[in-house]
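Chemist: Fold the following, please.
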Amino acid sequence: MKKIYARTRHFIFKLLSRVLPIPEPEVVSGPGSTARCPEILKADGINNVLVVTDQDIAKIGLIDSLLESLQKGGITYTVFSNIQPNPTIQNVEEGLKVYIENHCRGVVAFGGGSPIDCAKIIAARTTNKKPVKKMKGLFKLWRRVPFLLAIPTTAGTGTEATIVAVITDPEEHEKFAINDMKICPKACILDPELLLGLPPHLTSTTGMDALTHAIEAYIGLIGTPKTNKWAVEAVKLTFQNLEHSYRDGTDMKAREAMLLASHYGGKAFTRAYVGYVHAVAHNLGGVYGLPHGLANAIVLPYILELSKDACADKMADLAVAAGLGDASEEKQVLTDKLINGIRDLNRNMDIPSTVKEIKEEDIPTLAKRIEEEGNPAYPVPKLLWAKDFEKLLYKLKGK
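Modeler: Residues are numbered from 1 along each chain as shown. The predicted model follows:
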């Protein structure tokens with residue numbers, strides 16, 4: 001019965017994905033494009049904003065160019081940077097308080113996935129008077145949010161293009177997603193200059209996050225010709241540019257290509273959704289604080305191995321797009337080349353293949369939570385259950 005229910009839900013969402021008016025943000029891109037922030041805000045009548053970032057970005061001065069452009073452009077701003085790597089409900093509430101106290105009228109999100117996701121939920125809380133926990137799931141927001149502009153400083157989450165925000169509830173040791181069209185940013189700036197100083201380990205893990213989004217969107221059951229096109233392009237760009245960005249962080253063209261890969265991946269998965277890699281990664285992040293991109297990178301080849309018999313055609317397509325094989329080869333050969341190519345990419349960028357933090361006594365609870373998150377929400381090619389996730393977690397632990 002659970003299988004029938006899941007597949008019925010997936011079929012319904014496949015139909016909905018073709019008719020829902022999911023917004024696409026206005027995109028401003030290119031080296032130095034951050035300077036256009038005041039222009040974008042003024043076009044919408046915004047002159048007082050909350051700038052949401054994290055403490056590390058504020059400390060190293062990466063945000064200085066944005067703040068200078070806001071000041072020169074006559075935009076009043078207040079910076080809120082009290083955000084953890086996995087932002088919490090408390091972070092959102094603190095940001096909301098700062099927004100209200102300073103009479104802000106819009107939000108500028110500056111940073112990686114954590115600040116942008118937190119900014120989305122802060123914006124939602126300003127007009128939707130309900131607790132963050134009540135926003136969990138699909139389309140729980142009734143009121144429009146203030147103008148939201150996203151400026152990513154990593155190439156991975158693609159959250160500047162999505163209707164999704166992920167938040168952590170530390171009381172329940174749970175990480176959950178809020179999905180609503182109202183939290184998609186109105187505009188985004190893709191400025192590769194902001195990525196030039198990104199450390200190699202962040203370059204690698206955020207890039208693998210982008211790759212995960214694209215692959216899961218493509219192999220899932222509710223993709224459309226448009227999402228498939230974005231996903232394939234994201235996979236292609238990632239395999240062509242990620243490792244080079246990791247080894248030479250000053251290559252502007254590679255950085256710009258990875259920003260596009262991340263953006264395309266975000267546009268793809270916000271319509272075609274994600275899969276079990278994310279279910280596992282969210283729970284590992286919620287319990288052990290494992291960074292999301294790192295968790296996705298480690299888990300991705302394991303889930304593809306478990307799923308390949310149900311999506312061999314699609315995985316073969318991606319292997320060819322990634323330049324790992326030729327379309328004339330057998331599909332089973334190409335699927336293995338894709339999985340091995342991902343493992344090689346991880347290995348070449350010093351990403352581990354196991355999660356040592358996993359405690360054996362946590363595995364049954366983790367497996368149950370992963371199943372609860374993944375089924376029936378994620379339109380995966382092959383359904384897995386708690387017993388399958390228990391076996392997977394033991395493998396991830398290195399046993």
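Chemist: Would you map out the domains in the chain?
Modeler: For the chain, the structural domains run 31-195, 200-397, going by automatic domain parsing.
Chemist: Check the offset of the longest one from the chain's centre.
Modeler: Meaning domain 200-397. Counting by C-alpha atoms, centre = their mean, to the nearest Å, domain 200-397 is centred 11 Å from the centre of its parent chain.
Chemist: can you give me the mean pLDDT across that domain?
Modeler: For domain 200-397, mean pLDDT rounds to 96.
Chemist: Figure out the length between the terminal residues of it.
Modeler: 25 Å (C-alpha to C-alpha, to the nearest Å).
Chemist: closest to Lys14 out of the domains of the chain?
Modeler: domain 200-397 (4.0 Å; C-beta to C-beta). The C-beta positions use only the backbone N, C-alpha and C, and glycine is treated the same way.
Chemist: With adjacent residues omitted, what lies nearest to Glu360?
Modeler: Lys397 (7.2 Å; C-beta to C-beta, 6 or more residues apart in numbering).
Chemist: quick one, helices of the stretch 201-350 of the chain?
Modeler: Applying DSSP state H, counting those that start in this stretch to the stretch 201-350 of the chain gives helices spanning 225-247, 252-272, 276-288, 292-307, 312-321, 331-348.
Chemist: quick one, which of those is nearest to Leu195?
Modeler: So among the helices of the stretch 201-350 of the chain, helix 252-272 is nearest, using C-beta to C-beta, at 4.4 Å.
Chemist: Report the angle between the closest one and helix 225-247.
Modeler: 140 degrees (axes from the mean of the first three to the mean of the last three C-alpha atoms, to 10 degrees).
Chemist: Next one: the residue nearest to Glu360 from Tyr302, what distance?
Modeler: 12 Å (C-beta to C-beta, to the nearest Å).
Chemist: Which one of those two is surrounded by more residues?
Modeler: For the pair Lys397 and Tyr302, the greater number of neighbours falls to Tyr302 (20 against 16), based on other C-beta atoms under 10 Å.
Chemist: Could you verify my assumption that the more buried one touches Tyr394?
Modeler: No. Using C-beta atoms under 8 Å, Tyr302 is not in contact with Tyr394, being 11.0 Å away.
Chemist: Can you get me a residue count around the residue nearest to Leu190 when sequence neighbours are not counted?
Modeler: What sits nearest to Leu190 in space, not counting adjacent residues and going by C-beta to C-beta, 6+ apart, is Ser29, at 4.0 Å. For Ser29, the count of nearby residues is 15 (other C-beta under 10 Å).
Chemist: I figured Ser29 hits Ala187, correct?
Modeler: No. Between Ser29 and Ala187 there is no contact under C-beta under 8 Å: 11.2 Å.
Chemist: Now list whatever residues contact both of these two.
Modeler: Shared contacts of Ser29 and Ala187 (C-beta atoms under 8 Å, 6 or more residues apart in numbering): none.
Chemist: gap between the closest residue to Ile222 other than its chain neighbours and Arg7?
Modeler: With sequence-adjacent residues excluded and distances taken as C-beta to C-beta, 6+ apart, Ile222 is closest to Lys14, at 4.0 Å. Going from Lys14 to Arg7 by C-beta to C-beta gives 10 Å.
Chemist: What's the end-to-end length of stretch 349-358?
Modeler: End to end - C-alpha to C-alpha - stretch 349-358 spans 22 Å.
Chemist: Run through who's touching that stretch.
Modeler: In contact with stretch 349-358 (C-beta under 8 Å, 6+ apart) are residues 200-201, 204-205, 208, 242-243, 246, 284, 288, 290, 294-295, 297-298, 343, 346-347, 366, 393, 396-398.
Chemist: Now with 10 Å, please.
Modeler: Residues outside stretch 349-358 that contact it (C-beta atoms under 10 Å, 6 or more residues apart in numbering) are 200-201, 203-205, 207-208, 242-243, 245-247, 280-281, 284, 287-290, 293-295, 297-299, 301-302, 342-343, 345-347, 366, 393-399.
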